[in-house]
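Chemist: need a structure here:
(one chain, ligands or ions: 1)
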Amino acid sequence: MHSSIDQSAKEETGTFFSQPAIIPLPQNMIGQPGEVILHAKTELDYNLEDPGLIRVARFFQQWINAEKLKPANDENSSKARLIIDSGMPPEAYSFTATPEEIAISGGNAAGVFYGIQTLIQLAKPWRKNNNIFLSIPSISINDAPAFSYRGMHLDVARHLFPVSFIKQYIDILARYKMNHFHWHLTEDQGWRIEIKKYPKLQEVAAFRKETMVGHLNDRPQQMDGQPYGGYYTQEEIREIVKYAEDRFVTIIPEIELPGHAQAAIAAYPELGCLQEPLEVATQWGIIENVFCPSEQTFTFLENVLTEVMELFPSPYIHIGGDECPKTQWETNSLCQQIIRDEKLKDENQLQSYFVQRIERFLHKHDRKLIGWDEILEGGLAPRATVMRWRGEKGGIEAARLGHDVIMTPSDYCYFDFYQAAAPNEPLAIGGLTPLEKVYHYHPIPESLTTKEAQHILGAQANVWTEYMKKPENVEYMIYPRMQALSEVIWSGKEKKDF
Ligand code: ACM
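Modeler: Next up, the predicted model:
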């Protein structure tokens, strides 16, 4: 068909036609000889009444525009068709490229969007008479995800990243067919989401007086003496949520409770058990200043969550729940009074009481609670989804109790761990999780029955940023481990091949 394609381009691409490099690896693909050329005037054909397809078509057009392609002459005319085929599972797609056209069918708009991501990875620039076109090999692909939850987390509290980088992070997720961004917004060391009802969260909780230099375990510990902070305005958050929605990424906001809350308590000391002034934390690690389970605290958290739910359409809201020391609760008269009045056994059950009250509030507003696996201690909130980060046990226990589970085991999915044992690696928290180890992870524990295994929704990598100050440090830590994870959760155990 395109006899005009020059030989050097063909040689460069080598075995390209038989085995294109697509990450995550599709379930099935068969290459054929020939290719189709995309150019600025490639005709896009889709149902103009379908809001999902309109979004996908807009994304496609933005991509074509960004590539600065030139219109081709008639002999190279081509067409792309986007189709929703409700007979296919959600997120699944089929992709066919022939010399005349590209056809992408998806079980829903997200499926069609993933077909476009595959197209973007297949497209190779083709230069002719100083014009750039894109060449797509003739190929037939049938693809679908192994897991429905495919995510990446980012901690913006230990270090803050610009809106432009958050969007870039969402772009990266979409490129590797991930569909959840878990946005860790509050911490001991900073509160990063504007809450209109509580201005001191912006004035006080968003800033710390200095930051640790070197590792938490260094002796002596060193501080940089530089004030640090900031937060995302509600307007910025709306813009980011919309940006993610256009890429079929759901943002799950995390508001940490009852622990990892010192920044909020620094702004509003009455939320703590000591009722005395505190600073926003400057040290990393686990901190004893946690929310006191008073009515004042519940009113504060419900007001905060009300604004959070207005900003984030996600069915899930993450409430943290990890690493909450109970030392202050043990000696606090109000906490002890609640334990007696509610006939609780101990402070672990007091934590469950805390989380269950928040769950009832979220449920009343048609949202589902996710918490780290510590929410199992003292009794699990009835409808909670568990994000398991410690041993396998928590995930197994929750799945057996009939709760949904998202796997983020620190051994495989903590991308703040070292990725090589080389002396020139940048300072990291510890651990060692090289690429190959991530690749060999499988989210379903062997001891689960098929029925229990259905509660394992998928997996996610966590990116804690104590030791990542800048976007480039985050990129260094996620690449290429997140590409490996994308094959764990999209391609699945049978298909992947390191
Ligand atoms: C966690 O790493 N504390 C969830």
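Chemist: ramachandran coordinates for the closest residue to the ligand within the stretch 1-150 of the chain?
Modeler: Closest to the ligand within the stretch 1-150 of the chain is Y149: 16.5 Å, counting by C-beta to the nearest ligand atom. Backbone N, C-alpha and C define where each C-beta goes, glycine included. In terms of degrees, to the nearest 10, the main-chain angles of Y149 are phi -110, psi 120.
Chemist: quick check: nearest residue in space to N108, chain neighbours excluded?
Modeler: Sequence neighbours aside, P90 is the residue nearest to N108 in space, at 4.8 Å (criterion: C-beta to C-beta, 6 or more residues apart in numbering).
Chemist: quick check, the one you found in contact with F113.
Modeler: No. Applying C-beta atoms under 8 Å, one finds P90 not in contact with F113, separated by 11.6 Å.
Chemist: the more surrounded of those two?
Modeler: Shown here are P90 and F113; by other C-beta atoms under 10 Å, F113 has more neighbours (27 against 14).
Chemist: where does the more buried one sit, in terms of helix or strand?
Modeler: F113 is located in helix 109-122, with elements delineated by DSSP states H and E.
Chemist: what sits up against that helix?
Modeler: The contact list for helix 109-122 (C-beta atoms under 8 Å, 6 or more residues apart in numbering) reads 20-23, 26, 50, 52-53, 55-56, 59-60, 63, 82-84, 88, 90-95, 97, 102, 104-106, 136-137, 139, 141, 143, 174-175, 177, 179, 247-248.
Chemist: tell me which residues in that helix are buried?
Modeler: Buried residues in helix 109-122, defined by neighbour count with 16 or more other C-beta atoms under 10 Å: 109-120, 122.
Chemist: hey, which strand is longest across the protein?
Modeler: Across the chain, the longest stretch assigned as strand under DSSP state E is strand 131-143.
Chemist: tell me the angle that strand makes with helix 109-122.
Modeler: Angle, strand 131-143 to helix 109-122, by axes from the mean of the first three to the mean of the last three C-alpha atoms, to 10 degrees: 130 degrees.
Chemist: can the buried residues of helix 109-122 go into CSV with extra columns for distance to the ligand?
Modeler: Below are the buried residues of helix 109-122 laid out as CSV (distance: C-beta to the nearest ligand atom, whole Å):
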residue, distance to the ligand
A109, 32
A110, 28
G111, 32
V112, 35
F113, 30
Y114, 29
G115, 34
I116, 34
Q117, 29
T118, 33
L119, 36
I120, 33
L122, 37
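Chemist: L38: neighbour count?
Modeler: As a burial measure, L38 scores 26 neighbours (other C-beta under 10 Å).
Chemist: which ones are touching the residue lying closest to it once chain neighbours are set aside?
Modeler: Residue nearest to L38 in three dimensions, not counting chain neighbours: L134, with 4.1 Å by C-beta to C-beta, 6+ apart. By C-beta under 8 Å, 6+ apart, the contact list for L134 reads I37, L38, H39, E67, L69, A123, K124, P125, W126.
Chemist: the last one: neighbouring residues, count only.
Modeler: I take that to be W126. Using other C-beta under 10 Å, W126 is surrounded by 22 other residues.
Chemist: in a strand, that's where it is, yeah?
Modeler: Yes. Assessed by DSSP: H, G, I helix; E, B strand; the rest coil, W126 belongs to a strand.
Chemist: and this structure, which residues reach the ligand?
Modeler: By the rule C-beta under 6 Å from any ligand atom, the part of the chain lying against the ligand is D322, E323, W372, W389.
Chemist: and the third one, what are its bridge partners?
Modeler: Same thing as W372. Listed by DSSP bridges, the beta-bridge partners for W372 are M387.
Chemist: that one and I251: what is the separation?
Modeler: Per C-beta to C-beta, to the nearest Å, W372 is found 18 Å from I251.
Chemist: likewise the first one?
Modeler: In this structure, D322 and I251 are 20 Å apart, going by C-beta to C-beta.
Chemist: what do you get for the second one?
Modeler: Applying C-beta to C-beta, the value for E323 to I251 is 23 Å.
Chemist: and those two? Which one has more around it.
Modeler: Taking neighbours as other C-beta under 10 Å, E323 and I251 compare with I251 leading, 21 against 15.
Chemist: does the more buried one touch V241 like I think?
Modeler: Yes. In this structure I251 lies within contact range of V241 using C-beta under 8 Å: 5.7 Å.
Chemist: so what sits against both of the two?
Modeler: The contact lists of I251 and V241 share F312, where a contact means C-beta under 8 Å, 6+ apart.
Chemist: make TSV out of the buried residues of helix 109-122 and add distance to E310 and pLDDT.
Modeler: Formatted as TSV, those follow (distance: C-beta to C-beta, whole Å; pLDDT from 0 to 100):
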residue	distance to E310	pLDDT
A109	24	98
A110	24	98
G111	29	98
V112	29	98
F113	26	98
Y114	29	98
G115	33	98
I116	31	98
Q117	30	98
T118	35	98
L119	36	97
I120	33	96
L122	40	96
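Chemist: what pLDDT does the closest residue in space to P480 that isn't next to it in sequence get?
Modeler: Distances taken as C-beta to C-beta, 6+ apart put L435 closest to P480, at 6.0 Å, once the chain neighbours are dropped. On the pLDDT scale, L435 is placed at 98.
Chemist: quick one on the thing from earlier: inside helices: which ones of the contacts of helix 109-122?
Modeler: G52, L53, R55, V56, F59, F60, W63, A174, R175 (DSSP state H).
Chemist: filter those to the buried ones?
Modeler: G52, L53, R55, V56, F59, F60, W63, A174, R175.
Chemist: list the residues that contact the first one.
Modeler: Contact partners of G52, counting by C-beta under 8 Å, 6+ apart, are I84, N108, A109, A110, V112.
Chemist: how about the third one?
Modeler: Contacts were defined as C-beta under 8 Å, 6+ apart; by that measure R55 touches A109, F113, E245, D246.
Chemist: so what secondary structure elements neighbour the helix or strand harbouring E239?
Modeler: Element membership for E239 (DSSP H and E) is helix 234-245. Contact analysis of helix 234-245 by 3 or more C-beta pairs under 8 Å, 6 or more residues apart in numbering; DSSP states H and E lists helix 163-175, strand 250-257, helix 295-311 as its packing neighbours.
Chemist: tabulate the CA atom coordinates of the helix or strand following the second one in CSV.
Modeler: Heading C-terminal from strand 250-257, the first helix or strand you meet, by DSSP H and E, is helix 262-267. Extracted as CSV, the C-alpha positions of helix 262-267 are listed here (Å, rounded to 0.1, in the frame of the first residue of the first chain):
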residue,chain,number,x,y,z
GLN,A,262,-0.2,16.5,63.8
ALA,A,263,-0.4,19.2,61.2
ALA,A,264,-4.2,19.6,61.7
ILE,A,265,-3.8,19.5,65.5
ALA,A,266,-1.1,22.2,65.2
ALA,A,267,-3.8,24.4,63.6
